[in-house]
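S.K.: kindly return the folded structure for what I paste below:
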Amino acid sequence: MKAFIAATVLALVFLPLRAQTDPGWPREVDSGGRHYTIYQPQVDRWKDDRLDARAVVTVTEAGAATQPVYGIVSLSARTSVDKVTRTVTLEDPKAESAVFPAASGRQSELLGAIRASLPDWPRVISLDRLLADLAITQSETAAESVPLKSDVPRIIFSTAPAVLVLIDGDPVLRRVQGTRYTRVINTPALLVFDSGANRYYLDGQTFWMTAASLNGPWSVAPAPPADLDSLRTQFEQTEEKEPGAPGPGTAQRGVAPSVYVSTLPAELVQTDGQPQYAPIAGTKLSYVTNTESDLFLDVGSQSYFVLLSGRWFQAKSLNGPWSWVAGQHLPAEFSRIPLNSPKSGVLASVPETPQAREAIIANQIPQTATVKRNEARLDVRYDGPPQFRPISGTPMQYAVNTDTDVIYAEGRYYACRDAVWFVADSPEGPWSVADMIPAVIYTIPPSSPLFHDRYVYVYRSTPEYVYVGYTPGYLGAYVWDGVVVFGTGWIYPPWIGDIYVGWPWTWGFGFRFGYWGVGWFWRPIHRLWWYHNPPHLHRIYTEHWNPRWNPGDRQVFRHNANVYNRLPERAVVRGVGRPSPGPGRVPGARAPRGDLYADQDGRVYDRRSDGWYRQDGSGQWRRAPATPRLEQQRQSRELGNARQGEFQRRGPSPGVPTTRAPAAESRRPGPSTRTPAPAARAPRSEGAKSPRR
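M.R.: Reported below is the predicted structural model:
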């Protein structure tokens, strides 16, 4: 009996809260007979889900005709990040210390009052404000840089409408039950072979294309077999399409495209007719205007440059041959691209630019969630008995014939699904939420298809909850060669049995880094032009003829969204232990002056129209010399405020869910056969899949 993959992902509990926003700074609070004005916190350190910051605070005795007392409060808190709403909620905040230079005799009293008032303090701050502050003021970035690959993919250049059809290795055909057709199962396209006519048919939604060979030439079938349309209908009933993607055929305005079929990693660079160029002011660069790609001509060297998945490639001709360009060898002209240029977005992929540095820091910020132990559920099914292979260079093994990441480490089984870790004593469960992950898992090399699991973490736990999170590495964004790139560049052989299970790909879907929002997205135009379904996180799996791409993952990359938002209604607890706002809390931002800054010397600074001022020991404002750090703080705050304002004007990107998704569907129920654990065992110690290439 065949065993089919099925996974019932999570069934957790989500407790809805009011929409949280950042109304601006400073904010005011009345508590315990005192009035507090709290200025925007400044980040000192943000590691995992812990934030250390300083905030300028003024304290005024209620009803007293006294001047406010200025001080600096050192804060620490656990962070809950939501990248959809681009907000950070401070959980369990603590006032570690406070300095009030003009009230030296009342330090303990004021610190005690502040600690007592913390339940009434604002908890939500804009992610963009924190990122801008962190990017400019943090002196070192401990971003992990991993040795990835930049082997040149097959780069196809076309001046006419074209489509790239990727096959994951050599084509594998499976019989479509009840028909005379076989289907190429290891591709996202609906590609079938008619043995009677000895021809291939490729679904164009409004028409069928046909060829005698996968290599073409392809043409529109003038009279395709009538039963192909019913085949397409069956396919559409189970294929989940990308929300907001262009409709079938619309990308090409009804023109049948040239078809390029590739069994190797490939990228399609297309122009609308012959390339048209426009100069970039202040540089010796021109860019191609009639393409969706980032394609440039360096006038000085007469070389072409193209940016693909965060990597630069160079050629003397648009038809190649292309070679990879390391960041240190990229022409300096690229770092001079002005911010108002239509191509300023590529600055995030130019090493040592402010945009690249900020992208690296953003790549370290986790998306977090709180999982309720007694509601978490995971069911892992295999294509036959579980089969495990070694993870090279480690004592671990991983399951190859399931769409769930299952790792055998230190005598137990660990499964990662939707950025939540589970643990079991058998490869088939029962599974429970893991509250400790062996350190060896975080040594998985990029040569392994489970490399992305290194970026899913368990921060802490209680008897009821487990606090989890992931950084963008789980979604395929890594720091390498001085920038953030997409994909490891490694080719991972798929599993093809009764089903097809693919692994993360680097090439073929036009992944681009979007500096707005700091995240990767994909451009569907000119790729799989009628079916835009690159799976972005988990493997592809296919039964018989029908490809099933793991649903819900597309929006993660396209809009820098929150993986945890894809979980069912009973999903993630937020705000555990969060007290409700006290009755004395005054919402909004109503301070008598603008921003105040807490410098490292323990003094409060104010930037006025005629320069910088500092609070002295008597509570008076006096002129102070400008310092580079203060200017950086001011610039970072202006940048963060601007980005937050832009986000508020735009709102969440179209198609991004801001509420929980419906209950997760069951994926291919069917029997699975238990197999003994792998023989290799190691002593215990303390301590996204997507298609291949």
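
S.K.: can you count the residues close to Pro390?
M.R.: 14 (other C-beta atoms under 10 Å). In short, each C-beta sits where N, CA and C put it, glycine included.

S.K.: need the pLDDT of the closest residue to it other than its chain neighbours.
M.R.: Leaving aside its sequence neighbours, Pro390 sits nearest to Gln397 (C-beta to C-beta, 6 or more residues apart in numbering; 5.5 Å). At Gln397, the predicted lDDT confidence score is 96.

S.K.: go on, Arg412?
M.R.: Looking at Arg412, the pLDDT reads 95.

S.K.: how near is Val299 to Pro504?
M.R.: 37 Å (C-beta to C-beta, to the nearest Å).

S.K.: of those two, which one has the most company?
M.R.: Just comparing Val299 and Pro504: by other C-beta under 10 Å the higher neighbour count belongs to Pro504, 26 against 15.

S.K.: could you pull out the helices for the stretch 351-500 of the chain?
M.R.: Counting by DSSP state H, counting those that start in this stretch, the segments of the stretch 351-500 of the chain that form helices are 354-362.

S.K.: and the strands in it?
M.R.: Applying DSSP state E, counting those that start in this stretch to the stretch 351-500 of the chain gives strands spanning 367-372, 388-390, 397-399, 405-409, 412-417, 420-424, 432-433, 456-461, 465-470, 477-480, 483-486, 495-496, 499-501.

S.K.: again, but for the stretch 101-250 of the chain
M.R.: Using DSSP E, counting those that start in this stretch, strands in the stretch 101-250 of the chain cover 124-126, 154-158, 162-166, 173-175, 181-184, 191-194, 199-203, 208-211, 219-220.

S.K.: show the contacting residues for Ala113.
M.R.: Gly32, Arg34, Val59 (C-beta atoms under 8 Å, 6 or more residues apart in numbering).

S.K.: hmm, 7 Å instead?
M.R.: Gly32, Arg34 (C-beta atoms under 7 Å, 6 or more residues apart in numbering).

S.K.: can I get the strands of the stretch 351-500 of the chain in a markdown table including distance to Thr443?
M.R.: Output for these, formatted as a markdown table (distance: least, C-beta to C-beta, whole Å):
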| stretch | distance to Thr443 |
| --- | --- |
| strand 367-372 | 23 |
| strand 388-390 | 13 |
| strand 397-399 | 13 |
| strand 405-409 | 10 |
| strand 412-417 | 13 |
| strand 420-424 | 16 |
| strand 432-433 | 23 |
| strand 456-461 | 14 |
| strand 465-470 | 18 |
| strand 477-480 | 16 |
| strand 483-486 | 21 |
| strand 495-496 | 23 |
| strand 499-501 | 24 |
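
S.K.: list just the one of these that sits closest to Gln107.
M.R.: Ranking the strands of the stretch 351-500 of the chain by proximity to Gln107 (C-beta to C-beta) places strand 456-461 first, at 31.2 Å.

S.K.: strand partners of that closest one, parallel vs antiparallel please.
M.R.: strand 465-470 (antiparallel) (DSSP bridges).

S.K.: which pLDDT does the model give Ala624?
M.R.: 82.

S.K.: helices of the stretch 151-300 of the chain, start to end?
M.R.: Taking DSSP H, counting those that start in this stretch as the criterion, the stretch 151-300 of the chain carries its helices at 227-238.

S.K.: now it, which segments are flagged as low pLDDT?
M.R.: 235-255 (pLDDT under 70).

S.K.: redo that, cut-off 90
M.R.: Filtered on pLDDT under 90, the stretch 151-300 of the chain yields the residue ranges 160-166, 168, 174-183, 185-190, 195-197, 203-209, 215-216, 219-259, 292, 300.

S.K.: where in the stretch 301-450 of the chain is pLDDT low?
M.R.: 328, 339-340, 344-345, 348, 352-379, 381, 402-403, 417-419, 429, 435-439.

S.K.: apply 80 and report the result again.
M.R.: Confidence mapping of the stretch 301-450 of the chain against pLDDT under 80 gives the ranges 358, 361-362, 364-366.

S.K.: about what we covered before: who does the residue nearest to Pro390 form a beta bridge with?
M.R.: Pro390, Tyr408.

S.K.: what number of residues lie near it?
M.R.: For Gln397, the neighbour count with other C-beta under 10 Å is 21.

S.K.: wouldn't it be in contact with Pro386 here?
M.R.: No: using C-beta atoms under 7 Å, Gln397 is not in contact with Pro386; the gap is 10.3 Å.

S.K.: any idea how far Val433 is from the residue nearest to Pro390?
M.R.: 22 Å.

S.K.: then Leu228?
M.R.: Taken as C-beta to C-beta, the span from Leu228 to Val433 is 46 Å.

S.K.: need the phi and psi values for Pro257.
M.R.: Torsion angles at Pro257 (phi, psi; degrees, to the nearest 10) stand at phi -90, psi 170.

S.K.: and for it, the neighbour number?
M.R.: 21.

S.K.: you'd agree it is up against Pro161?
M.R.: Yes: Pro257 is in contact with Pro161 according to C-beta under 7 Å; the separation is 4.1 Å.

S.K.: Arg175 versus the closest residue to Phe388 other than its chain neighbours, what's the distance?
M.R.: Distances taken as C-beta to C-beta, 6+ apart place Gln397 nearest to Phe388, at 4.1 Å, with adjacent residues excluded. For Gln397, the distance to Arg175 equals 33 Å [C-beta to C-beta].

S.K.: now the residue most central in space within the chain, nearest residue through space, not along the chain?
M.R.: Closest to where the C-alpha atoms of the chain average out (C-alpha atoms, centre = their mean) is Pro472, at 4.2 Å. In space, and not counting its chain neighbours, Pro472 is closest to Asn363: 5.1 Å by C-beta to C-beta, 6+ apart.

S.K.: who's in contact with the one you found?
M.R.: By C-beta under 7 Å, 6+ apart, the residues touching Asn363 are Ala143, Thr471, Pro472, Ala477, Val479, Val484.

S.K.: how near is it to Ser344?
M.R.: On the measure of C-beta to C-beta, Asn363 and Ser344 end up 19 Å apart.

S.K.: with Phe451 instead?
M.R.: For Phe451 relative to Ser344 (C-beta to C-beta), the value is 31 Å.

S.K.: before we move on, what about Leu214?
M.R.: 40 Å.

S.K.: between these two, tell me which one has more neighbours.
M.R.: Leu214 (19 against 15).

S.K.: so the more buried one makes contact with Tyr200?
M.R.: Yes: Leu214 lies in contact with Tyr200 (C-beta under 7 Å); the separation is 6.2 Å.

S.K.: anything in contact with each of those two?
M.R.: Contacts common to Leu214 and Tyr200, judged by C-beta under 7 Å, 6+ apart, are absent.

S.K.: for stretch 365-381, what is the distance to the chain centroid?
M.R.: Distance of stretch 365-381 from its chain centroid, counting by C-alpha atoms, centre = their mean, to the nearest Å, is 18 Å.

S.K.: next, the buried residues of that stretch.
M.R.: 365-372, 375-381 (16 or more other C-beta atoms under 10 Å).

S.K.: now for the residues you listed: which two are most distant?
M.R.: Between any two of these (C-beta to C-beta), the greatest distance is 34.0 Å, for Ile365 and Arg381.
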